[in-house]
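1. Predicted coordinates and the sequence they were generated for:
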Amino acid sequence: MDPALRKIRNKEIKAFHQSTLDTLNVSNAIVMSKMAYVPTSLGLSEKHIAFFESEIKTVEDIYIEFGNIDMVAEKVDGYELKSLLKYRANLNYKEEYVTSDSDGKSTRYYVPISELVIVTKPELKNLSTKIENTTVERESKISELLCKPFDITTDPLVKELTIRDYAAIHMKKPISNKLWLNELILNN
């Protein structure tokens, strides 16, 4: 692949994951696309990614998105598409990883993908935002409810509790048929 195009693709991948990198306080992290494949010619039987020595010799962690030879995001079994993974810098890479035949310039170090740490799954980012927003909404509704003065016409009486409500309170599970009670249980 043309080095200029490789640089552009890596910038696009980094831009996609930038908010996650900012959250992790690693805004200037190294981010790249890597192919996950089984290098059977080296006698390996599980999926690996390959680093050139110029890439792996860093003391910084490297963030990875699986991609094909054209650096287009690729789904790998067990991982969501466009997941961000982290390769933890390993100063002992020469001793610990299998290498390809060296011609002096293009030695590759093969890292099993099982060593990579999953940082994010894109689908979960959206889900966690929805959960946070829902929690904030619930908390504000409960705050409003608790700030209101007691009103016998709107506040239910204890004698109106059902056995199901009683069980919900004591089990601390939102199983009541009363929405307000379930919300109180969920937020305590």
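-> Thanks, I have the structure now. Keep in mind it's a predicted model, so treat the numbers as computed, not measured.
2. Now do the same contact list for residue 55.
-> Neighbour list for residue 55: 32, 62 [criterion: Cβ atoms under 8 Å, 6 or more residues apart in numbering]. (C-beta placed from N, C-alpha, C; glycine too.)
3. Kindly apply the preceding question to residue 62 instead.
-> Counted by Cβ under 8 Å, 6+ apart, residue 62 has contacts 29, 30, 31, 32, 51, 55, 56, 86, 87, 89.
4. so what's the residue nearest the centre of the chain bridging to?
-> Geometric centre of the chain, nearest residue: residue 120, 1.5 Å, by Cα atoms, centre = their mean. Counting by DSSP bridges, residue 120 is bridged to residue 84.
5. Show me how to select, in ChimeraX, the buried members of the contacts of residue 62.
-> Buried residues within the contacts of residue 62, by 16 or more other Cβ atoms under 10 Å, are selected in ChimeraX with:
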select :29,30,31,32,51,56,86,87
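6. Any chance of the contacts of residue 62 in CSV with secondary structure, pLDDT and distance to residue 11 as columns?
-> Output for the contacts of residue 62, formatted as CSV (DSSP: H, G, I helix; E, B strand; the rest coil; pLDDT from 0 to 100; distance: Cβ to Cβ, whole Å):
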residue, secondary structure, pLDDT, distance to residue 11
29, coil, 92, 13
30, strand, 93, 12
31, strand, 93, 9
32, strand, 93, 10
51, strand, 93, 19
55, helix, 91, 16
56, helix, 92, 21
86, strand, 94, 19
87, strand, 95, 19
89, coil, 93, 22
